[in-house]
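> Next one to model:
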Amino acid sequence: MDSRLFQILYILLERGSITAKELAEKFEVSPRTIYRDVDTLSGSGIPVYAMQGKGGGIFINEDFALNRSVLSKEEQLQILTAVQGLSILPSTFDDDLLTKHGGLFQHRQAGWLEIDFSDWGQKNQEVFVNIREAIIHKKRLCILYLSQEAVDSERTVEPFKLVFKQNAWYLYGYCLKKEANRIFKLSRIRKVQILDEYFSRNYEGKIFESKESLALPETLITLKFKKDQLSQVKENYQKYTQLGDGSLLVKEKYPISEGFYAFILSLGANVEVVEPLDIREELIKRIQTMANNY
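Now for the predicted structure:
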């Protein structure tokens, strides 16, 4: 199936029905092309059908999920791997498409990746790929991990999920040494080796909703954006106040971490932190330190 057919399928699974005109406008094709797509999906054994006239449209059976009559288990796994593992690159898939992929397959492997749509940042590709492969194939990992005390320790881990949060990647899994679930920051993983040892343990929960959440306490920050940043402010914030000089005032809660300071500094002269004063003073120190390097 090509990308448009899969996207049509996602839309139908989410909404139940849609008109050919709406799909034609979304994909910039003719309604006739959409009807041909419906015929293709229907011919593949997917219960998609079209009805003409008032109240008509394109529909899908409510209880449908892609299964072995359409794709083999291995093909399902390959598609899930591609969507989850490769779509971290910008513009490969729409965000909403990525977040809904698990509903397509009645397949337990769909939960290997949990995503918080922040800036993806830079990753150690070799570490990431090895961990991803171990998760997909349910193999144990041997990692050399640098602790917060700057001490290297060797751990055997049963990997459950790769997690992106607060501008950093993490591995969430069961540590055999600690005999408990643990979170490992990828930037602190020195070496990774995939072992020829399979595991059956599973973790079904949401990492960010558990007691082991990575979330930091949040602080209310007052930001002042220049007037030419109106479109960016509208895109990223639900509430803002436009001042008399055209500048924009935003009040938003942020977890204060290195990621927060990196985010603010990346905006350069387009934004000013007004409050709280201690955050503002810390930014002044960092900017002065940077200036001293030049």
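
> Could you report the neighbour count for residue 226?
17 (other Cβ atoms under 10 Å). Where C-beta positions appear, they are placed from N, C-alpha and C, glycine not excepted.

> can you pull the contacts of the residue nearest to it when sequence neighbours are not counted?
Ranked by Cβ to Cβ, 6 or more residues apart in numbering and with sequence neighbours excluded, the top spatial neighbour of residue 226 is residue 270, at 5.5 Å. When the contact criterion is Cβ atoms under 8 Å, 6 or more residues apart in numbering, the partners of residue 270 are 225, 226, 229, 232.

> Correct me if wrong: the last one contacts residue 226.
No. At 9.9 Å, residue 232 and residue 226 do not qualify as touching, with contact defined as Cβ atoms under 8 Å.

> coming back round to it: roughly how far apart are the residue nearest to residue 226 and residue 225?
Plainly put, residue 270 is 6 Å away from residue 225 if you go by Cβ to Cβ, to the nearest Å.

> try residue 8
Counting by Cβ to Cβ, the separation of residue 8 from residue 225 is 39 Å.

> Could you do residue 24 as well?
38 Å.

> Between the two, which has more neighbouring residues?
Higher neighbour count among residue 24 and residue 225: residue 225, with 22 against 16, using other Cβ under 10 Å.

> Quick check: closest non-adjacent residue to the more buried one.
Once flanking residues are discounted, residue 225 sits nearest to residue 248: 4.3 Å by Cβ to Cβ, 6+ apart.

> Need the pLDDT of the one you found.
If you check residue 248, the pLDDT there is 92.

> Also residue 287?
So, for residue 287, pLDDT stands at 91.

> hang on, it packs against residue 269?
No. Contact between residue 287 and residue 269 fails when scored by Cβ under 8 Å: they sit 10.6 Å apart.

> Looking at those two now, which is surrounded by more residues?
Applying other Cβ under 10 Å to residue 287 and residue 269 shows that residue 287 carries more neighbours, namely 11 against 6.

> Could you confirm that one falls within a helix?
Yes. The assignment for residue 287 is a helix, going by DSSP: H, G, I helix; E, B strand; the rest coil.

> What about the closest residue to it other than its chain neighbours, how many residues nearby?
Distance criterion Cβ to Cβ, 6+ apart; nearest residue to residue 287, sequence neighbours excluded, is residue 265 at 7.5 Å. Neighbour count for residue 265, taken as other Cβ under 10 Å: 13.

> Distance of residue 265 relative to residue 138?
Per Cβ to Cβ, residue 265 is found 41 Å from residue 138.

> quick one, what contacts residue 230?
By Cβ under 8 Å, 6+ apart, the contact set of residue 230 is 242, 248.

> got the buried residues for stretch 11-19?
Using 16 or more other Cβ atoms under 10 Å as the test for burial, stretch 11-19 gives 11, 12, 13, 18.

> What of stretch 137-156?
Within stretch 137-156, the residues that count as buried by 16+ other Cβ under 10 Å are 138, 139, 140, 141, 142, 143, 145, 155, 156.

> try stretch 23-35
Applying 16+ other Cβ under 10 Å to stretch 23-35 flags 23, 24, 34 as buried.

> So which of these are in strands?
With strands taken from DSSP state E, there is no overlap with these.

> Can you add distance to residue 52 and pLDDT and give the residues you listed back as CSV?
Output for the buried residues of stretch 23-35, formatted as CSV (distance: Cβ to Cβ, whole Å; pLDDT from 0 to 100):
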residue, distance to residue 52, pLDDT
23, 15, 89
24, 15, 87
34, 13, 88
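
> Out of those, which sit inside helices?
In this view, these that belong to helices under DSSP state H are 23, 24, 34.

> need the contact list for residue 199.
Counted by Cβ under 8 Å, 6+ apart, residue 199 has contacts 138, 139, 140, 158, 174.

> Fine by me, thanks again.
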